[in-house]
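> got a predicted structure plus its sequence, pasted below:
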Amino acid sequence: MYTRVSKYREALVILCSCVRWEVKKVTEKYIEQKLVKAVKELGGIAPKFVSPGIDGVPDRIVLLPMGRMAFVELKAPGKKMRPLQVKRKRQLEALGFLVYCIDGVEQIGGVLDEIQSS
């Protein structure tokens with residue numbers, strides 16, 4: 001027979017395992033999909049950025065109405081940019097472009113607000 005404490009403990013174990021599952025589920029690809037969707041909802045596009053012969057470029061170019069644009073590097077939660085990616089980010093920023101690194105879905109809104117207000 002379960003006691004009240006063991007029921008709560010069991011519920012807590014289930015909750016913790018669900019939370020761990022949710023954290024594992026968030027990948028770079030998932031964040032990227034959410035970014036593309038959010039940009040589209042604002043009337044913009046976020047095409048993949050591929051530059052043959054130049055490694056380390058950001059993953060996406062965000063193009064919003066009124067000529068607003070920025071480059072976005074996407075990472076899985078907690079992951080950092082590689083040294084070459086940091087170098088490319090600095091090069092683009094030195095040319096006057098906005099460059100962001102997003103490693104969480106919760107960052108998307110703030111980044112898009114910054115791009116729109118630039």
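Sure, I can see it.
> beta partners for the residue most central in space within the chain?
Taking C-alpha atoms, centre = their mean, the centroid of the chain lies closest to residue 102, which sits 3.5 Å from it. The partner list for residue 102 in beta bridges (DSSP bridges) reads residue 74.
> so what's it up against?
31, 35, 72-75, 108, 111 (C-beta atoms under 8 Å, 6 or more residues apart in numbering). Any C-beta I mention is one placed from the backbone N, CA and C, and that applies to glycine too.
> from residue 52, how far out is it?
From residue 102 across to residue 52, the span is 24 Å (C-beta to C-beta, to the nearest Å).
> and what of residue 68?
When distance is defined by C-beta to C-beta, residue 68 is 26 Å away from residue 52.
> and residue 64, by the same measure?
For residue 64 relative to residue 52 (C-beta to C-beta), the value is 26 Å.
> great, nothing more from me.
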